[in-house]
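Chemist: 3D model of this:
(one chain, ligands or ions: 1)
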Amino acid sequence: MASTSVTTRKITIRGAGIAGLWTALLLAQRGHGVTLLERSEKPFTDACSFYAGAMLAPYCEEEVAEELIRELGLRSIELWRETYPELQIHGSLVVAQPRDRRELDRFARMTGGHERIDAARIAELEPDLADRFATGLYFAGEGHVHPHQAMDYLLEAARKAGTDVRIGEEELPKASDVVIDCRGLAARDELTELRGVRGERLVIRSDEIQLNRPVRLLHPRFPLYVVPWGYGFYLVGATQIESEEEGAVSVRSALELLSTAYALHPAFGEAEIISFGAATRPAFPDNRPRIVVRDGHVYINGLFRHGFLLAPALAELAADFIETGAAHSEVFS
Ligand SMILES: Cc1cc2nc3c(=O)[nH]c(=O)nc-3n(C[C@H](O)[C@H](O)[C@H](O)COP(=O)(O)OP(=O)(O)OC[C@H]3O[C@@H](n4cnc5c(N)ncnc54)[C@H](O)[C@@H]3O)c2cc1C
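Modeler: Below you'll find the predicted structure:
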């Protein structure tokens with residue numbers, strides 16, 4: 001909703017990944033004149049976001065991330081809740097094989113927002129996992145979205161809110177007051193510290209098993225997860241490799257992804273493989289997101305493994321900055 005006291009601006013956003021979509025939507029809803037440029041001919045085909053598990057897991061991510069991620073993630077979940085009717089908030093379940101029990105204890109120490117649950121509660125939450133795990137961690141406040149459906153929805157919502165969406169275009173219009181750069185890894189030409197962290201994932205389909213929420217299976221070497229997408233589809237992800245290689249998924253990664261699904265439940269052995277896919281996550285050296293303000297450009301980048309978790313909150317911070325100059329000290333540079 002446009003505020004009467006705020007000067008509306010002509011804003012160009014570069015890149016329709018999850019960061020650009022959220023930023024376009026929030027600014028258009030606030031009454032600004034927004035143009036969204038996406039270089040690819042078909043939306044999302046070149047976006048890292050297309051490959052995400054799209055878990056919204058501010059607590060589980062404390063295992064590898066700082067408090068800032070949880071703070072921004074919790075705000076983002078509120079924004080997803082207000083905006084996206086298909087948001088799934090059924091929590092996350094974390095389990096381990098008996099021999100990896102210490103991994104579960106370590107994960108519990110590193111994270112908050114969970115309760116330790118026994119086999120009976122696991123069976124209540126996920127009947128198809130009954131008797132497979134003696135104990136687990138349940139993170140009730142976490143959620144997930146289907147990444148492609150969510151991105152389609154945000155693009156349409158941004159259009160309806162008045163955004164001029166230009167697909168297959170990258171030339172900046174001459175008369176912009178502000179340019180917001182959400183080009184992900186492509187912004188490395190200007191943000192030279194950015195690096196790519198490769199992630200691989202698998203999509204499978206099974207009618208034999210039903211999961212109601214993302215399930216993480218801890219393992220000392222390859223901790224992976226399975227996210228239910230509905231209608232029998234599951235995303236199994238994701239590797240994290242310090243490499244910007246763009247090739248197809250390696251045999252080793254495929255074996256790890258497939259073994260995770262099979263270890264979670266042997267019924268996944270009969271699942272159909274729908275697709276393998278890989279993308280490089282844009283990350284700064286400290287793996288924290290940043291909003292960089294430089295020469296009339298505002299860059300939102302470094303979303304690393306938290307694009308869906310952080311994009312709404314970062315978009316809101318960028319919008320507040322444009323309107324009032326307020327800058328969150330841990331995010332802006
Ligand atoms: C396997 C995998 C699993 C993941 N799982 C999760 C998860 O569960 N939860 C989570 O929160 N995050 C997850 N992530 C991380 C998340 O996907 C990224 O953080 C996020 O996609 C980064 O989004 P972005 O908008 O910054 O970049 P991108 O999605 O890459 O979008 C950038 C866009 O800019 C466009 N572009 C480039 N150059 C130009 C130009 N000159 N003009 C116009 N447009 C341009 C590109 O075509 C692209 O569409 C995962 C990532 C991977 C790879």
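Chemist: how does the chain divide into domains?
Modeler: 10-64+146-193+286-324, 92-140+195-283 (automatic domain parsing).
Chemist: pretty sure Glu169 contacts Glu41?
Modeler: No. Judged on CB atoms under 8 Å, Glu169 makes no contact with Glu41 at a distance of 9.8 Å. Where you see a C-beta, it was placed from the backbone N, CA and C, and this is true even at glycine.
Chemist: who has more neighbours, those two?
Modeler: Taking neighbours as other CB atoms under 10 Å, Glu169 and Glu41 compare with Glu169 leading, 15 against 10.
Chemist: before we move on, what SS does that one have?
Modeler: Here Glu169 is recorded as coil under DSSP: H, G, I helix; E, B strand; the rest coil.
Chemist: what's the pLDDT at the closest residue to the ligand within the stretch 201-333 of the chain?
Modeler: Nearest residue of the stretch 201-333 of the chain to the ligand (CB to the nearest ligand atom) works out as Gly307 at 2.5 Å. As predicted, Gly307 sits at a pLDDT of 98.
Chemist: cool, and the one 10 residues further on?
Modeler: Leu317 is assigned a pLDDT of 98 by the prediction.
Chemist: now Leu309: which helix or strand?
Modeler: helix 307-324 (DSSP states H and E).
Chemist: list the contacts for the residue of the stretch 1-150 of the chain at minimum distance from the ligand?
Modeler: Nearest residue of the stretch 1-150 of the chain to the ligand, counting by CB to the nearest ligand atom: Gly17, 2.0 Å away. Going by CB atoms under 8 Å, 6 or more residues apart in numbering, Gly17 touches 44, 47-49, 182, 184, 307.
Chemist: Val215 too?
Modeler: For Val215, the contacting residues are 92-95, 126, 129, 225-226, 264, by CB under 8 Å, 6+ apart.
Chemist: show me what it bridges to in the sheet.
Modeler: Val215 has these beta-bridge partners by DSSP bridges: Leu93, Val226.
Chemist: how many other residues sit next to Cys33?
Modeler: Small correction: residue 33 is Gly, not Cys. Neighbour tally, Gly33, other CB under 10 Å: 17.
Chemist: isn't it up against Ile13?
Modeler: No. Using CB under 8 Å, Gly33 is not in contact with Ile13, being 11.4 Å away.
Chemist: so stretch 230-237, near the ligand or not?
Modeler: Yes. Using CB under 6 Å from any ligand atom, stretch 230-237 reaches the ligand at Gly237.
Chemist: go on, stretch 89-99?
Modeler: No. For stretch 89-99, no contact with the ligand is found by CB under 6 Å from any ligand atom; the gap never falls below 10.3 Å.
Chemist: span of that stretch from start to end?
Modeler: End-to-end span of stretch 89-99 (CA to CA, to the nearest Å): 30 Å.
Chemist: what pLDDT does the model give the nearest residue to Glu41 once chain neighbours are set aside?
Modeler: Leaving aside its sequence neighbours, Glu41 sits nearest to Gly168 (CB to CB, 6 or more residues apart in numbering; 4.5 Å). On pLDDT, Gly168 comes in at 98.
Chemist: report the contact partners of Gly168.
Modeler: With CB under 8 Å, 6+ apart, Gly168 has these contacts: 38-41.
Chemist: ditto for Ala65
Modeler: Contacts for Ala65 (CB under 8 Å, 6+ apart) come out as 287, 306.
Chemist: where does pLDDT dip in this protein?
Modeler: Low-confidence segments of the chain, defined by pLDDT under 70: 1-4.
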